[in-house]
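1. this is a predicted model, with the sequence first.
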Protein chains: 2
Amino acid sequence: MKKLINDPADVVAEALRGMAIAHPELRVDHTHRIVYRGDAPVSGKVGLISGGGSGHEPLHGGFVGPGMLDAACAGEVFTSPVPDQMLEATRGVNGGAGVVHIVKNYTGDVMNFEMAAELAMAEDIPVESVIVDDDVAVQDSTFTAGRRGVGATVLVEKIAGAAADQGRPLADVADVARRVNAAARSMGVALTSCTVPAVGHPTFELSDSEMEVGIGIHGEPGRERMPIRPARDVAELICEPILADLDFAGPDGAILFVNGMGATPLLELYVMYAEVAAILEKSGVQIARSLVGPFITSLDMAGCSVTLLRADDDLLTLWDHPVNTPALRKGC
Amino acid sequence: MKKLINDPADVVAEALRGMAIAHPELRVDHTHRIVYRGDAPVSGKVGLISGGGSGHEPLHGGFVGPGMLDAACAGEVFTSPVPDQMLEATRGVNGGAGVVHIVKNYTGDVMNFEMAAELAMAEDIPVESVIVDDDVAVQDSTFTAGRRGVGATVLVEKIAGAAADQGRPLADVADVARRVNAAARSMGVALTSCTVPAVGHPTFELSDSEMEVGIGIHGEPGRERMPIRPARDVAELICEPILADLDFAGPDGAILFVNGMGATPLLELYVMYAEVAAILEKSGVQIARSLVGPFITSLDMAGCSVTLLRADDDLLTLWDHPVNTPALRKGC
């Protein structure tokens, strides 16, 4: 296993120590493994938290800051945080206007966030939970009932974060988050497996000439394993199910997010982006905004995913709202 | 070779096509393979250009925009752009105040930028060339006489870009760039080789248990090949030569840049950051600012590099200056 780590058991704690020093504008609760924006809770603002297994960085801790998340709970690698963390984060970001939980649709995350929401509401903190389930690859999967939550999570966090920053009330912020999820579709492809530090060997075997189409962000099986193809074919294989699942043509523009899985260089992501853009043009889908880079990763997996979000003017305006986090900055 | 590309010969052209669509605020000259900020030339402002072989993305094209570069010339992968490109870019960014060339110290780049500067000056465009040579690993290398230019390039482009944006004159902007280079030191480590698309196999062989300390960004040999060690030892191996080469203690703070080589996940970079920060604390070096992420990469190489810049108040103020590029954004 070739990794820049010390003891595999300490990876998450040590990375959080790095984050705390590198980003003094954040506050890290090392006991609960929560990354807060430094000024949390923001009085009168709806609080936004998310969290999940580590190994998907910059998701979620890299998206904490003004205009996006108020806090992120870090689980062990590919393992849900526990309800206690989520409850603590909910308390810590509640500025009196309630808290939105952004939850990727994996059984452990959903169950634990549900429990945390109940506990918080028992303390009179209003909570709205939003489930993200945008992956069109498979209906059920290793860790999921229903569709998996993947790339749309980044867009939900950005856009709902903007709505909260604008001072919208709890129900409206949750509604924005649900609208983003409902209008977003994703699919990914892996060229290599990832290796979980505590496991020490690749999660799955993939020969030197194969790729896995429809891969999950923990290495869950996708739709099909097949010989590697050129980028333009890969783009077709990813875009076809996305475009078949939701109508992206029409007057609303789309936000196109081409994501790197962790070990794929930006040069390749831009090649993929060009191929996806060409497909969208042929399909009558207008690209209104773009995001290209590794924003929801799977440790050291090589591959990429494409997320498409049908965005009306309200969502585009929220997308353009200033944000200031370690991984996404704009107009702040 | 597992890459999300089409024909290896088309990688750079296709990636530039992707960049042009994804970033409509930029202007891409596909004939000359130059990425310009959309409003270049900016009248009265010193123009800043850089360029080099592709494969180091986001360097340089991802750093084009207000507050940083005015244009970047893309060569083939790991191959210098030609003087014609550099001359064309120099003309295209000259707003009447002259142009700074930021040149990484590789023989091809230095020779071609020199020729371009002579041609531009023959057209009465004042040019100042700044050579970046911050890599303490080796004195001469595969493509270099003298030290190689690596991570400091990002810092030079950011800080000199700010100086130009503040309206400083040509000689001052060049002086700032040279001060950054003189006060910066870097070293890197590779856990795996990179694979050049047109070559199709790894640039060098490294066994499953080995790492290369002092690696160059094109896979040039470093100081020593040795068994992989924990992150804290790797941090020591990288930091010791940096700290031995320049005095970073004292009243000035330092900008600490922990860079990913392309295939190393952010989780590991933060683990490395924490280890480097601990060493700096013991050495009496005060971290004033930080940058963590893959900003000067080597295709799909796994590994990281550390760059340390001794920064006085002037340099820190310039570092904090607003910037708006695809890969670096702040306060814009």
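-> Nice, thanks for sending it over.
2. how does chain A divide into domains?
-> If you go by the TED database, the domain ranges for chain A are A:10-182, A:184-323+A:326-330.
3. looking at those domains, which is closest to residue B:40?
-> Counting by CB to CB, residue B:40 lies closest to domain A:184-323+A:326-330 out of the domains of chain A; the figure is 20.5 Å. C-beta coordinates here come from the backbone N, C-alpha and C atoms, glycine included.
4. my read: residue A:192 touches residue B:2, true?
-> Yes: Residue A:192 is within contact range of residue B:2, at 6.3 Å (criterion: CB atoms under 8 Å).
5. which one's more surrounded, the two?
-> Neighbour count, other CB atoms under 10 Å in any protein chain shown: between residue A:192 and residue B:2, residue A:192 has more, with 25 against 19.
6. that one: which element?
-> Here residue A:192, judged by DSSP states H and E, is contained in no helix and no strand.
7. what pLDDT does it get?
-> The model reports residue A:192 with a pLDDT of 97.
8. which parts of stretch A:294-307 are buried?
-> A:294-307 (16 or more other CB atoms under 10 Å in any protein chain shown).
9. is it positioned near chain B?
-> Yes: using CB under 8 Å from any CB of the partner chain, stretch A:294-307 reaches chain B at A:294, A:297, A:299-300, A:302-304.
10. contacting residues for the closest residue to chain B within the stretch 1-150 of chain A?
-> Across the stretch 1-150 of chain A, the shortest distance to chain B (CB to the nearest CB) belongs to residue A:18, at 3.4 Å. Contacts for residue A:18 (CB atoms under 8 Å, 6 or more residues apart in numbering or on different chains) come out as B:269-274, B:277, B:292.
11. shouldn't it be within a strand?
-> No: per DSSP: H, G, I helix; E, B strand; the rest coil, residue A:18 lies outside any strand segment and is helix.
12. quickly note the distance from it to residue B:159.
-> Computed as CB to CB, to the nearest Å, the residue A:18 to residue B:159 distance reads 24 Å.
13. do the same with residue A:146
-> Here the criterion is CB to CB. By it, residue A:146 lies 49 Å from residue B:159.
14. and the strands in the stretch 1-150 of chain A?
-> A:26-29, A:34-37, A:47-54, A:71-77, A:99-104, A:127-132 (DSSP state E, counting those that start in this stretch).
15. state the mean pLDDT of the first one.
-> If you average the pLDDT over strand A:26-29, you get 98.
16. residue A:75 touches residue A:81, doesn't it?
-> Yes: using CB under 8 Å, residue A:75 makes contact with residue A:81 at a distance of 4.0 Å.
17. between those two, which contacts overlap?
-> Common neighbours of residue A:75 and residue A:81 (CB under 8 Å, 6+ apart) are A:33, A:51-53.
18. quick one on the thing from earlier: between the contacts of residue A:18, which sits nearest residue A:86?
-> residue B:270 (21.9 Å).
19. please identify the helix or strand for that closest one.
-> helix B:266-282.
20. just the helices in chain A please.
-> A:11-22, A:83-93, A:107-122, A:152-165, A:170-182, A:231-245, A:266-282, A:313-319 (DSSP state H).
21. what's the neighbour count on the closest residue to residue A:51 other than its chain neighbours?
-> Counting by CB to CB, 6 or more residues apart in numbering or on different chains, residue A:73 is the residue found nearest to residue A:51 once chain neighbours are left out, at 3.0 Å. A count of nearby residues for residue A:73, using other CB under 10 Å, gives 31.
22. I'd say residue A:68 and residue A:156 touch.
-> No: using CB under 8 Å, residue A:68 makes no contact with residue A:156, being 10.3 Å away.
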